[in-house]
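# here's my sequence, what's the structure:
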Amino acid sequence: MILAIDVGNTNTVIGAFEGRNLLWKLRLRSLERTRDEWWLLLRDVMDDGVEGGIISSVVPSISGSLREFFEEKLRRRVIFVAPGIKTGLSILYDPPSAVGADRIANAVAGREEYGAPLIIVDFGTAITFDVISEKGEYLGGLIFPGIRTSSLALYAKAAKLPQVEFVARKGAVGRNTAESMEKGLFIGFKSMVDGTISAIKEEIGEARVVGTGGEGKEISRASEEIELYDEDLTLKGLRIIYELNR
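Predicted coordinates:
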């Protein structure tokens, strides 16, 4: 069994793989923890033993304790998605090292699972669009503020507006302040996503479109451009990269 860990700014997702099979996964808040706290969190679900691990992280302060957890508590090898590891992906970004580790994992899994050309929309703290060419090259993409990020910013900056959850709402006209904000978020982000995908297709031609990320299910269902939603795309990409570097 290997552990694939995706450390994001808001959440950390941990998945356990036996071969290609995802046995279980956990979604945790991205908090700084010691190696011993990671051990207490995970020891009861690692009863089959761990061969090693792979991590994509955009939070350096969490990366260090996870490395200690693998090397000092588990005494197992851990791979970080970073410049120099094998991904099988040609990255046409400037510079290639600036592409987030999670975006690399998404691109690796997306190309293997769904082919190319491909557009991947990942809904997290930021919404990222990643574009894979017909030749399977990573071309680049776009970065937008995430849904929850935007909602919290609106609540923080507008004294009379409440904090609302992101929900799918029918219709376009809100009948009270909270409903107006909820519909604004949903319609606004759906329109942004579909418009952005349409603009990318104008530039590269037709492509398959996959949604992923913890905040992406409702938008992916409602989108006129996103074909399918794969919640575990990043974890799948980490597993593939681990196999390439074992």
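
# and the pLDDT for the residue lying closest to I240 once chain neighbours are set aside?
Using Cβ to Cβ, 6 or more residues apart in numbering and skipping the chain neighbours, the partner closest in space to I240 is V108 (5.2 Å). No exception for glycine: its C-beta is placed from N, CA and C like everyone else's. With respect to pLDDT, V108 has a value of 98.

# neighbours around V108, how many?
The local packing count at V108 equals 25, with neighbours defined by other Cβ atoms under 10 Å.

# for K236, same thing?
Here the count is done by other Cβ under 10 Å, and K236 has 23 residues near it.

# now do the one 4 residues further on
With neighbours defined by other Cβ under 10 Å, the count for I240 comes to 20.

# is it located within a helix, as I assumed?
Yes - for I240, which was evaluated using DSSP: H, G, I helix; E, B strand; the rest coil, the result is membership in a helix.

# and the helix or strand hosting M192, how far out from the chain's middle?
In this structure, M192 sits in helix 177-204 according to DSSP states H and E. Between the centre of helix 177-204 and the centre of its host chain there is 19 Å, according to Cα atoms, centre = their mean, to the nearest Å.

# list the helices and strands that helix packs on?
strand 118-123, strand 126-132, strand 138-145, helix 147-157, helix 217-222 (3 or more Cβ pairs under 8 Å, 6 or more residues apart in numbering; DSSP states H and E).

# for the second one, packing partners?
In terms of contacts (3+ Cβ pairs under 8 Å, 6+ apart), strand 126-132 is packed against helix 101-114, strand 118-123, strand 138-145, helix 177-204.

# ranking the ones you listed by burial, who's on top?
Most buried of the helices and strands packed on strand 126-132, by mean neighbour count (mean count of other Cβ atoms under 10 Å): strand 118-123, with a mean of 26.
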